[in-house]
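Take this sequence and fold it.
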Amino acid sequence: MDKAVIGGETAARLARGAALGEVLDVADPSGSAWISLDEGVRASAWYRPAPLPDARALELPEESWLALALCHPDGRIRERALAGVAEHPALLPLLVVRAADWAGPVRERARQLLGETLAGEVSARTVASLAPLVLRVARRGRGDFGLELLDAALRRAPRELLLPLRTHPDRLLRRFTFRAAVEGGLLSPGELARHAARDDDTVIQALCADAALAATSTGAGRDDWDDVLEPLLDARNPRARSAGVTALRRAGRSERAVEFLADRSTVVRACARYVVRRHGTDPLPWYRERCADPADPAVPSGAVIGLAECGQRADADLLWPLLAHPAPAVRARAVAGLRILDVSGTERLLPLLDDPASGVVREAATSLLPFSGALPADRLTGFLDIGHPRHVRVAAFRLLDARGGVVGLRAAVALLEDPDDTLRMWAGQSVQRWHPTAGTRPGDPEVGELLDRAGHLFSVDALKRRMWEAGLLT
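Prediction:
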């Protein structure tokens, strides 16, 4: 439902005398309820009658009436209502909203009051509750004032008040908090590294990882480096791991980078190869050794793709046998590696479309896409049968759709009544964007029959145009 509609309903209930806490989620950490109320009151004034307060209503002490007045379309009423916020701290969020008001007198008065409110001893605690709303309002054209106040308050906030905000559900507030903590030196390098490893926001990961490494000098002791490197190297996210791997060289531990040559992340493998090379070692022989025995069940899948990333086309001889490896991840990486090395072999990749592992089938289909026109249409059509696993049917349709022509149209029309909702939707989209290719025989009666079966997907004019393009109409 539209925010203005929700806010309008809230405004109407407030105008009928409901208490503020009954109709508004004042504890909402995002602050969106206050913005909805502000928009809703204005929408009520323009589009439907509602008992909005006039100037006389401002003498009433009830928070509900004052909240409506602070959102009133008349700027004079909004400006006079600002004075009542001091007696009703629960309405401070509306003071933040008015600090970005489009009316100059309202905006300036709200900024003055907001600055005075946030300048006292309790300012940091107050800002902590207002911060998400301040960040939302800051996206507006006149919202920079609140952002400046927030920045100043967080910078002077004591550690015990600022640090709990590191786990706040609002991502923008967490970013703002970490920037203030980094610039204020409130977190040790070890703490920064642990946050880089645990936080799910990539901006915070990069901020904390870079700050942790910058704060650890080249002359730091082993224990200092351990506090920073171990959390980064053990992190689940590749941003932190790559930062830790790159820092191994600076810490004088380049030999440990070998452990990450087969990492699951592309960027981590690249960083590991950089460190290993700077240490005077070529990583290519290491990769070749790991991929030399296709019967070894312990072949790391990361080593397979790593070989392709830094190897030569001749290294494809090591990858082909791995297409039969018992580990699905190894088979999938072998297919991707062959594609990276620009080595093709449709006859050897085609059987992988029926692999029990979806990842292998997906990689095989991606490698075969450039050759879709040369693949046996009957075999691919057979893979569309309902008896095959879903990932096999999806891969076959991808290839048939890429082939186009009457073959692609035939496959798409066949799936228009498929029990799989997604396949059925993709098939309909494929039919709607179909056009005859150079290999389509003009006047082909099969094309006319297929288009008739899919006629419900077109307007009358669009269907006639497709028929005309296919040479079925003159």
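
Any regions of the stretch 351-474 of the chain where pLDDT drops low?
Filtered on pLDDT under 70, the stretch 351-474 of the chain yields no residues whatsoever.

mind listing what the spatially closest residue to P105 that is not a sequence neighbour touches?
Counting by CB to CB, 6 or more residues apart in numbering, P105 lies nearest to E79, which is 5.5 Å off, once chain neighbours are set aside. For the C-beta atoms, the positions are set from N, CA and C on the backbone; glycine is no exception. With contacts defined as CB atoms under 8 Å, 6 or more residues apart in numbering, E79 is in contact with 103, 105-106, 109.

for A427, same thing?
Contact criterion CB under 8 Å, 6+ apart gives 397, 411-416, 418 as the residues in contact with A427.

Quick check: the gap between the nearest residue to it once chain neighbours are set aside and R76.
Spatially, and ignoring its direct neighbours in sequence, A427 is nearest to L415 (3.7 Å; CB to CB, 6+ apart). When CB to CB, to the nearest Å is applied, the distance between L415 and R76 equals 64 Å.

Remind me which helix or strand the residue nearest to P105 belongs to.
helix 75-81 (DSSP states H and E).

Show me what the next helix or strand after that helix is packed against.
Taking DSSP H and E as the definition, the helix or strand that follows helix 75-81 towards the C-terminus is helix 92-98. In terms of contact count using 3 or more CB pairs under 8 Å, 6 or more residues apart in numbering; DSSP states H and E, helix 92-98 is assigned the packing partners helix 32-47, helix 63-70, helix 104-117, helix 123-137.

what's the nearest residue to the residue of the chain most remote from its centre if we skip its chain neighbours?
Within the chain, T474 marks the point farthest from the mean C-alpha position, 49.8 Å out by CA atoms, centre = their mean. Nearest in space to T474, with sequence neighbours left out and distances taken as CB to CB, 6+ apart, is W468 at 7.8 Å.

so who does A215 touch?
When contacts are counted by CB under 8 Å, 6+ apart, A215 is found next to 188-189, 192.

what's in contact with the helix or strand containing R333?
Element membership of R333 [criterion: DSSP H and E] is helix 328-340. Among residues not part of helix 328-340, those counted as contacts by CB under 8 Å, 6+ apart are 299, 301-302, 304-305, 307-309, 316, 319-320, 322-325, 344-345, 349, 352, 355-357, 359-360, 362-364, 366-367.

Can you select the buried ones from the residues you listed in ChimeraX?
Buried members of the contacts of helix 328-340 can be picked out in ChimeraX with the line below, counting by 16 or more other CB atoms under 10 Å:
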select :299,301,302,304,305,307,308,309,316,319,322,323,325,349,352,355,357,359,360,362,363,364,367
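
Filter the contacts of helix 328-340 down to the ones in strands?
Using DSSP state E to define strands, no part of those is located there.

how close does the closest residue to A308 other than its chain neighbours get to T216?
The shortest distance from A308 to any residue that is not its chain neighbour, by CB to CB, 6+ apart, is 3.2 Å, and that residue is G337. The span separating G337 from T216 equals 36 Å under the rule CB to CB.

More neighbours: these two, which one.
Shown here are G337 and T216; by other CB atoms under 10 Å, G337 has more neighbours (27 against 23).

For the more buried one, give its distance to S459.
When G337 is compared with S459 (using CB to CB), they lie 47 Å apart.

Quick check: buried residues in stretch 67-82?
Counting neighbours by 16+ other CB under 10 Å, one finds that the buried residues in stretch 67-82 are 67-72, 75, 77-82.

so how far is the first residue of that stretch from its last?
10 Å (CA to CA, to the nearest Å).

List the buried residues for the helix or strand A209 falls within?
According to DSSP H and E, A209 maps onto helix 202-215. Along helix 202-215, the positions that meet the burial threshold by neighbour count (16+ other CB under 10 Å) are 204-205, 207-209, 211-213, 215.
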